[in-house]
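> what follows is a predicted structure for the sequence shown.
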Amino acid sequence: MKAKQYTEEQIIAVLKEGEAGAKLADLCRKYGMSSATYYNWKSKYAGLSVSELRRLKALEEENRRLKQIVADQALDNRALKELLSKNF
């Protein structure tokens, strides 16, 4: 059975519905998910609004790109040090 994919907006809507007082069993049945999925979402997205989530995703992407740049520079530095350490 294929797992359903939910967008972050849908996940936040489900969590807000749960915070509003809907029973967990009803939410799970309505959206076709397990209670474990709900609690995983809650631990990850609790208290976030859609705009905050978009900003978080953008910051994570920027952080990933910056880490990649640092890794590339470290690799270049190591290659240059190895090249300069050899006796000609």
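Received, thanks.

> what sits against the residue nearest the centre of the chain?
Residue closest to the average C-alpha location in the chain (CA atoms, centre = their mean): K57, at 6.7 Å. Residues counted as contacts of K57 (CB atoms under 8 Å, 6 or more residues apart in numbering) are E8. All C-beta atoms are positioned from the backbone trio N, CA, C, and that covers glycine.

> tell me which element it falls in.
Using DSSP states H and E, K57 maps to helix 50-85.

> domain-wise, how is the protein divided?
1-48, 49-88 (automatic domain parsing).

> name the element the closest residue to V50 other than its chain neighbours belongs to?
Computed as CB to CB, 6 or more residues apart in numbering, the closest residue to V50 that is not its neighbour in sequence is E9, at 5.4 Å. Here E9 is covered by helix 8-19, with elements defined by DSSP H and E.

> quick one, phi/psi of T7?
phi -80, psi 160 (degrees, to the nearest 10).

> what is the neighbour count of it?
Burial of T7 is recorded as 9 neighbouring residues (other CB atoms under 10 Å).

> mind listing what it touches?
No contacts exist for T7 under CB under 8 Å, 6+ apart.

> confidence score at it?
Listed pLDDT for T7 reads 89.

> what's the local residue count around W41?
Residues lying near W41 (other CB under 10 Å) number 19.

> sorry, wrong one. I was asking about K42.
By other CB under 10 Å, the residues close to K42 number 15.

> list the contacts of it.
Neighbours of K42 in contact, by CB under 8 Å, 6+ apart: L15, G18.

> follow-up on the earlier one: the helix holding E9: which residues count as buried?
E8, I11, I12, V14, L15, G18 (16 or more other CB atoms under 10 Å).

> mind listing residues that contact that helix?
Applying CB under 8 Å, 6+ apart, the external contacts of helix 8-19 come out as 6, 24, 27, 31, 38, 41-42, 45-46, 48-50, 53-54, 57.

> try 7 Å
With contact meaning CB atoms under 7 Å, 6 or more residues apart in numbering, helix 8-19 is reached by L24, L27, Y31, Y38, W41, K42, Y45, A46, L48, V50, L53.
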